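In: I would like to see how this sequence folds:
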Amino acid sequence: MDEHTISDTLQEPVEAGLQGGEESLNLHEKPHLEAHTENLNEVRKPSCNKILLTQLNGTGYCFNANDYMTIRKDYRITGSFIGTNHVKGYVRKSQKLPVEFNEYEMQLLLDENIAILVSKKEAFERGADKKTEEEILTKLEERILAQGYALNEKKIQETIKNINRVMEGKRKKLIQSGVPAKDIKLSEDQVIQEMRSSMKFDRNNAQLEIPNQCLYNHEAQVVSFQGKDTLGYEIFRDIWKRGNVYVTLGGNFGGNFLIYPGDPLVFHASHVVHVLQNPVIQPLHMISKCRLTVNVNKICILAYKNSENDIRYQTVHWEGSKDKLNIASCKLKNDRSSDEDSDG
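Out: Numbering: from 1, shown residues only. This next block holds a predicted model:
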């Protein structure tokens, strides 16, 4: 077993070590972190540039595309898209805004003063006033009419592109209807104008708009987030702060977290992090975690706390392979043969 730290990945030296005998590997536990509480007055200050996240289902949601790109690109937090693609309907791995943040991400956004969690329940239950509703409906009607105009213009452009074929087809139809060829007088402008006047937009074909945000100004109250004060969150935050990496949940790969060297849309995860609540791990448990990580072509990291309550990381490489096992087996057979010959 090759033991070393994850300093290359996290860009900061990390002390790591295994202590104990053959029966157990002694790789401790820490006081809880306090839940983050935001001052209500702070969000009302004009100079406040924190991102506002909407409280839903006990966590925070982002409905603004620009805010989400800031969170993802500048702060390396991905969240999960849960919105429906209005063009294709529900398609797995093809969701749109809003983005839901898990409890670790939400707590981190608040603790690092990146975002503020707000509740809009009272405003939405009260709804918009009559004037605002009329304005929303008027703008919706304008957008539907704009769809019809855009669709008709697209058809006109297709006609202009194939104007010669269109005019030839109209000429043939007139001749078939009994009009003498010498009396047929067609111009490009005339054909285009006739098509434009005959076009009608069916409102049933209009695309239904699904707004990412509320369409009118409304009030919101700053609320606190009751995150779980766990060792898992401490390790999640510690890894995030150590280097230019992305950290996501790692349940799909049998671990607590996944570490990506860049945006998960571009890079595959390089490490699987296993959080140990107790610094002692049994050999069989360690082997199972390592083999599971190796099977998905990643590096295993054991994260724990030492006796001084400091977070430590142990990176484990699996060195076994069939070739090495075959060589060891052949060597063992040769040694046994030599021993038998010497006894004889």
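In: so how far is Asn297 from Val275?
Out: Applying Cβ to Cβ, to the nearest Å, the value for Val275 to Asn297 is 21 Å. Just so you know, the C-beta spots here come from the backbone N, C-alpha and C atoms, and that holds for glycine as well.
In: Name the helix or strand for Ile235, please.
Out: Counting by DSSP states H and E, the element that carries Ile235 is helix 231-242.
In: now the longest helix anywhere in the chain: mean pLDDT?
Out: In the chain, taking DSSP state H as the definition, the longest helix is helix 130-161. Mean per-residue pLDDT for helix 130-161: 88.
In: Export only the CA atoms of the helix or strand just after it, formatted as PDB.
Out: Next along the chain after helix 130-161, taking DSSP H and E as the criterion, comes helix 163-176. These are the backbone C-alpha positions of helix 163-176, laid out as PDB (Å, rounded to 0.1, in the frame of the first residue of the first chain):
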ATOM      1  CA  ILE A 163     -37.400  32.400 -54.900                       C
ATOM      2  CA  ASN A 164     -36.600  31.100 -58.400                       C
ATOM      3  CA  ARG A 165     -38.100  27.700 -57.600                       C
ATOM      4  CA  VAL A 166     -41.100  29.300 -55.900                       C
ATOM      5  CA  MET A 167     -41.800  31.500 -58.900                       C
ATOM      6  CA  GLU A 168     -41.400  28.600 -61.400                       C
ATOM      7  CA  GLY A 169     -43.900  26.600 -59.400                       C
ATOM      8  CA  LYS A 170     -46.500  29.400 -59.300                       C
ATOM      9  CA  ARG A 171     -46.000  29.900 -63.100                       C
ATOM     10  CA  LYS A 172     -46.700  26.200 -63.700                       C
ATOM     11  CA  LYS A 173     -49.900  26.300 -61.600                       C
ATOM     12  CA  LEU A 174     -51.200  29.300 -63.500                       C
ATOM     13  CA  ILE A 175     -50.500  27.600 -66.800                       C
ATOM     14  CA  GLN A 176     -52.300  24.400 -65.600                       C
END
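In: buried residues in helix 163-176?
Out: 166-167 (16 or more other Cβ atoms under 10 Å).
In: Identify the residues contacting that helix?
Out: 159, 181, 184, 186, 188, 191-192 (Cβ atoms under 8 Å, 6 or more residues apart in numbering).
In: Kindly report the same for stretch 142-159.
Out: By Cβ under 8 Å, 6+ apart, stretch 142-159 touches 166, 191-192, 195-196, 199, 201, 203, 205-207, 209.
In: Can you give me the buried ones in that stretch?
Out: 144, 147-148, 159.
In: What average pLDDT does the helix or strand that the helix holding Ile235 is followed by get?
Out: Toward the C-terminus, helix 231-242 is succeeded by strand 246-249 as the next helix or strand (DSSP H and E). Taken as a whole, strand 246-249 has an average pLDDT of 97.
In: helices and strands around strand 246-249, which ones?
Out: With contacts taken as 3 or more Cβ pairs under 8 Å, 6 or more residues apart in numbering; DSSP states H and E, strand 246-249 sits against helix 231-242, strand 257-260.
In: out of these, deepest packed?
Out: Highest mean neighbour count among the helices and strands packed on strand 246-249 (mean count of other Cβ atoms under 10 Å): strand 257-260, with a mean of 22.
In: State the paired neighbours of that one in the sheet, together with their directions.
Out: strand 246-249 (antiparallel), strand 271-275 (antiparallel) (DSSP bridges).
In: Contacts for it, please.
Out: 9, 235-236, 239, 245-250, 267-273, 275, 298, 301.
In: Distance from the chain centre to that strand, please.
Out: Relative to the centre of its chain, strand 257-260 is centred 13 Å away, using Cα atoms, centre = their mean, to the nearest Å.
In: For it, output the C-alpha coordinates as PDB.
Out: Output of strand 257-260 as PDB, limited to C-alpha atoms (Å, rounded to 0.1, in the frame of the first residue of the first chain):
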ATOM      1  CA  PHE A 257     -17.300  13.300  -1.800                       C
ATOM      2  CA  LEU A 258     -15.700  13.500  -5.200                       C
ATOM      3  CA  ILE A 259     -12.800  15.800  -6.100                       C
ATOM      4  CA  TYR A 260     -12.600  17.300  -9.600                       C
END
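In: Val275 and Asn297: who's more crowded?
Out: Higher neighbour count among Val275 and Asn297: Val275, with 21 against 9, using other Cβ atoms under 10 Å.
In: For that one, which residues count as its bridge partners?
Out: Taking DSSP bridges as the rule, Val275 bridges to Ala303.
In: Please report the distance of it from Tyr260.
Out: Counting by Cβ to Cβ, the gap from Val275 to Tyr260 is 18 Å.
In: Over to Phe101?
Out: 17 Å.
In: and the gap between Ile144 and Thr138?
Out: Distance from Ile144 to Thr138, by Cβ to Cβ: 11 Å.
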